[in-house]
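Peer 1: Here is the input, now give the coordinates:
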Amino acid sequence: MWEWLRTGLTLLLFCCGAGPVWSAGRPVVVSELMYAPLPDPNGVESTSDYEFIELQNVSASPVDLAGAYLTNAVTFVFPAGTTIPAGGFLVVPAKRSVFQARYGSVAALTGGYSGSLSASGETVELRAGNGSLLLKFAYNGSGDWPSRADGLGSSLELIDPQGDLDDPANWRSSTEYQGSPGRAGVGPLKQVVINELLAHTDPPFEDAVELFNLTDSPVSIGGWYLSDKRKNPFKFRIPADTTIPARGFKVFYELARTGSAAGFNPDGTGDDPSFTFNSANGDEACLLSVDASGKPLYWMDAVTFGPTANGKALGRYPDGTGKMSPLGRQTFGTVVDMSFPEEFITVFRTGAGASNAYPEVGPIVISRIMYHPPDGGDEFIELQNIATSATPLFDPAYPTNAWRLRNAVDFNLPTGVTLAAGETLLVVPITPETFRAKYSLPATLKIFGPWTNALNNAGETIELLYPDTPQRPPRPDAGLVPYVLMEEVSYLPRAPWPAAADGFGPALRRKDTKLWANDPASWEAEATAAVPPVVSVSITGNQFTLAFVAEAGRTYRLQRRSGLGSEPWGAGTFVATPTAGGPATVTANAALLAEFFRIAVE
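Peer 2: Sure, this is the predicted structure:
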């Protein structure tokens, strides 16, 4: 028990001087931006002529834009009588006639403007006659900004009009194919998703894609498109009259060299429009729905993934939710996998889908993460071998190809490192010698570093990768070493992740190393010795309030006694603290002139 005894680039919007003064809130926002449209399929019109800017009035009253003008990257003056009704939209296209040819009739339409929006990010201004600034917005075509809006068939769509317009996380790629100008977007549709993928196979076995219907009703997917490229989503058209039952599955196979239109690689070449996945470099898969006339309608789902191991499936866990992760086994609906003789390919193709298996765990796992150490402390990542035998952290056939950490931090383990069964190692941001001496760690503990970058206190993703067999001639990428995901952890400093690991002393610790790494329920704040809290005191008369930050899993009591001699402290009263740790207060009355108090923590 411890005791305590002490006290880029910018889009700017302005409004006309003759119109209302936008002094409270912001009644108008840029709600949608098509800065990188798809080209004219006939090659006649300039691609930039399909751009548009959509404004939305998010207030309860009409907004007058007469006399306002767009300037900087594009130029346009709003004519007299231009208003946006409460909750309404106004679309400003680059070229009105070209816009209407693609999108048809849009009631709230003006324009077109002169100039064009840059796909790499741009500065646009909407000003009043007097130049008064009303809104400022920066967009970019790279980095953390939604990728499908950058020339892959979606517009850039605002999520929260009252949120930060400069925050890429407040924007999304439109679900509607080529955007939804003049109306609110439908947002993410959770109807049919890509649920499982097999992207690395050796003939005669073949790639496969499983779809899952998240709804409680059958969904007709006949005429929809499945592809390995968002740039060309029209590769494989799902046969007519194809339906996925409620909460059910549908699997599509290459059907290589069968000539069957029910497969996405019937000729076995993988050449457009047929396809197979690029397992060495990583790839993507996308699903595009169509309307009753067969025209593209919604991006139902799109996933990207890195290199995959031979015969290893990627899937969502639980079904239909979360990121694609390596699964413990294939679950396409049969027991057949690549360990079976080649004549079982016909049985393999009969799989109609099934619930995904538990994600793959081990043999090497991330067992502890110190991402936000107390002042003066150091970050670290601990790896552990959970196998029953030694595991080399390199490819024995190509020993210079070693395991690595990526994303949040970059570090390549040295060649020749092997972990015995149950053994752990640390990867640290400072020299191993300094780290070992600072924390008095034994010489037998393997410590490696320093890594580059740092673990983000606000949350980040750590990836553990291992080398696959290098690509061989005559492949054009001969010599490439694919690095396959062993596991990843996308931690956060808030619930449902343990908040006590956010700078309060404990590291994140895997509750059980057999649990899936990317589930917050698999982690806890590591038990450490109780740390005396730093307490602030406020006093009013005989009443005082103590405030401190509590650790998760600790018990706190307010104790008192009348002197500092040998008199024992009273049992005290328990102090209510947040379950996940955090700020806590307790108020009491001091009955005596000489009375002492302490916060005890267990």
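Peer 1: Could you pull out the helices in the stretch 301-450 of the chain for me?
Peer 2: Remark: helices assigned in the stretch 301-450 of the chain by DSSP state H, counting those that start in this stretch are 345-348, 432-439.
Peer 1: low-confidence ranges in the stretch 501-602 of the chain?
Peer 2: Of all residues in the stretch 501-602 of the chain, those with pLDDT under 70 make up the ranges 528-531, 553, 564-565, 590-594.
Peer 1: so what's the closest residue to residue 456 other than its chain neighbours up against?
Peer 2: Closest residue to residue 456 apart from its sequence neighbours, by CB to CB, 6 or more residues apart in numbering: residue 408 at 6.7 Å. For the C-beta atoms, the positions are set from N, CA and C on the backbone; glycine is no exception. Shown in contact with residue 408 (CB atoms under 8 Å, 6 or more residues apart in numbering): 453, 455-456, 460-463.
Peer 1: now do residue 261
Peer 2: Going by CB under 8 Å, 6+ apart, residue 261 touches residue 239.
Peer 1: per-residue confidence for it?
Peer 2: Per-residue confidence at residue 261 stands at 96 (pLDDT).
Peer 1: ok, it to residue 273 distance?
Peer 2: Counting by CB to CB, to the nearest Å, the separation of residue 261 from residue 273 is 11 Å.
Peer 1: Which helix or strand contains the residue lying closest to residue 499 once chain neighbours are set aside?
Peer 2: The shortest distance from residue 499 to any non-neighbouring residue, by CB to CB, 6+ apart, is to residue 580 (4.1 Å). Counting by DSSP states H and E, there is no helix or strand that carries residue 580.
Peer 1: ok, now how distant is residue 580 from residue 114?
Peer 2: 55 Å.
Peer 1: more crowded one of these two?
Peer 2: residue 580 (18 against 12; other CB atoms under 10 Å).
Peer 1: re earlier: of the contacts of residue 408, keep whichever come out buried.
Peer 2: Neighbour-count burial (16 or more other CB atoms under 10 Å) applied to the contacts of residue 408 gives 455, 460, 462-463.
Peer 1: so residue 183 makes contact with residue 89?
Peer 2: Yes. Residue 183 is in contact with residue 89 according to CB atoms under 8 Å; the separation is 6.5 Å.
Peer 1: higher neighbour count, the two?
Peer 2: Relative neighbour count places residue 89 above the other of residue 183 and residue 89, with 21 against 17, counting by other CB under 10 Å.
Peer 1: can you tell me which residues contact the more buried one?
Peer 2: 31, 54-57, 108, 181-184.
Peer 1: For PyMOL, what selects the buried ones among those residues?
Peer 2: The buried subset of the contacts of residue 89, as determined by 16+ other CB under 10 Å, is captured in PyMOL by this line:
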select buried, resi 31+54+55+56+57+108+181+182+183
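Peer 1: circling back to that earlier point, would you reformat the helices of the stretch 301-450 of the chain as TSV and include mean pLDDT and mean neighbour count?
Peer 2: Below are the helices of the stretch 301-450 of the chain laid out as TSV (pLDDT from 0 to 100; neighbours: other CB atoms under 10 Å):
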stretch	mean pLDDT	mean neighbour count
helix 345-348	96	15
helix 432-439	96	14
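Peer 1: Can you pull out the residues in contact with stretch 341-351?
Peer 2: 204-206, 208, 251, 253, 255, 332-334, 336-337, 340.
Peer 1: One more: stretch 356-363?
Peer 2: Against stretch 356-363 from outside (CB under 8 Å, 6+ apart): 195-196, 312, 315-319, 325-331, 385-387, 391, 487, 513-518.
Peer 1: Surely residue 466 is in a helix?
Peer 2: No. Per DSSP: H, G, I helix; E, B strand; the rest coil, residue 466 lies outside any helix segment and is strand.
Peer 1: Tell me if I'm right that it and residue 483 touch.
Peer 2: Yes. The pair residue 466 / residue 483 is scored as a contact, 6.9 Å apart, by CB under 8 Å.
Peer 1: Those two: which has the busier surroundings?
Peer 2: Neighbours per residue (other CB under 10 Å) separate residue 466 from residue 483, with residue 466 holding more: 22 against 18.
Peer 1: who does the more buried one bridge with?
Peer 2: residue 484 (DSSP bridges).
Peer 1: ok, now how distant is it from residue 598?
Peer 2: With CB to CB as the criterion, residue 466 and residue 598 are 52 Å apart.
Peer 1: Can you list which of the contacts of residue 89 are found in helices?
Peer 2: Secondary structure of the contacts of residue 89 is defined by DSSP state H; no position falls in helices.
Peer 1: Next step: the contacts of residue 89 restricted to strands.
Peer 2: Within those, residues falling in strands by DSSP state E are 31, 54-57.
Peer 1: So which of the residues you listed is the closest to residue 566?
Peer 2: residue 31 (71.5 Å; CB to CB).
Peer 1: Please list all residues in contact with the closest one.
Peer 2: Contacts here follow CB under 8 Å, 6+ apart; on that basis residue 31 touches 54-56, 89, 157-158, 161.
Peer 1: again with residue 539
Peer 2: residue 545.
Peer 1: if I look at the closest residue to residue 57 other than its chain neighbours, how far off is residue 180?
Peer 2: Among residues not flanking residue 57 along the chain, residue 84 sits closest, at 4.0 Å (CB to CB, 6+ apart). Distance of residue 84 to residue 180, computed by CB to CB: 16 Å.
Peer 1: swap in residue 65?
Peer 2: Taking CB to CB, one finds residue 65 at 21 Å from residue 180.
Peer 1: These two: which is more packed in?
Peer 2: Neighbour tally, residue 65 and residue 180, criterion other CB under 10 Å: the higher count belongs to residue 65, 25 against 22.
Peer 1: tell me the pLDDT at that one?
Peer 2: The score at residue 65 is 91. That number is its pLDDT.
Peer 1: just residue 15 next, same as before
Peer 2: For residue 15, pLDDT reads 41.
Peer 1: ditto for residue 440
Peer 2: 95.
Peer 1: and it, how many neighbours?
Peer 2: Neighbourhood size, residue 440 [other CB under 10 Å]: 6.
Peer 1: I'd like the numbering to begin with 41 instead of 1 from here.
Peer 2: Sounds good: first residue 41 from here, last item residue 480.
Peer 1: show me what contacts residue 331?
Peer 2: So residue 331 contacts residue 337 (CB under 8 Å, 6+ apart).
Peer 1: and the gap between it and residue 618?
Peer 2: Look at residue 331 and residue 618: by CB to CB, they are 50 Å apart.
Peer 1: what domains does the record give for this protein?
Peer 2: Split into domains by automatic domain parsing, the chain comes to 51-213, 232-388, 404-565, 576-641.
Peer 1: Format the ones you listed as CSV; extra columns: distance to residue 397.
Peer 2: Listed next are those as CSV, based on distance: least, CB to CB, whole Å:
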stretch, distance to residue 397
domain 51-213, 29
domain 232-388, 5
domain 404-565, 11
domain 576-641, 31
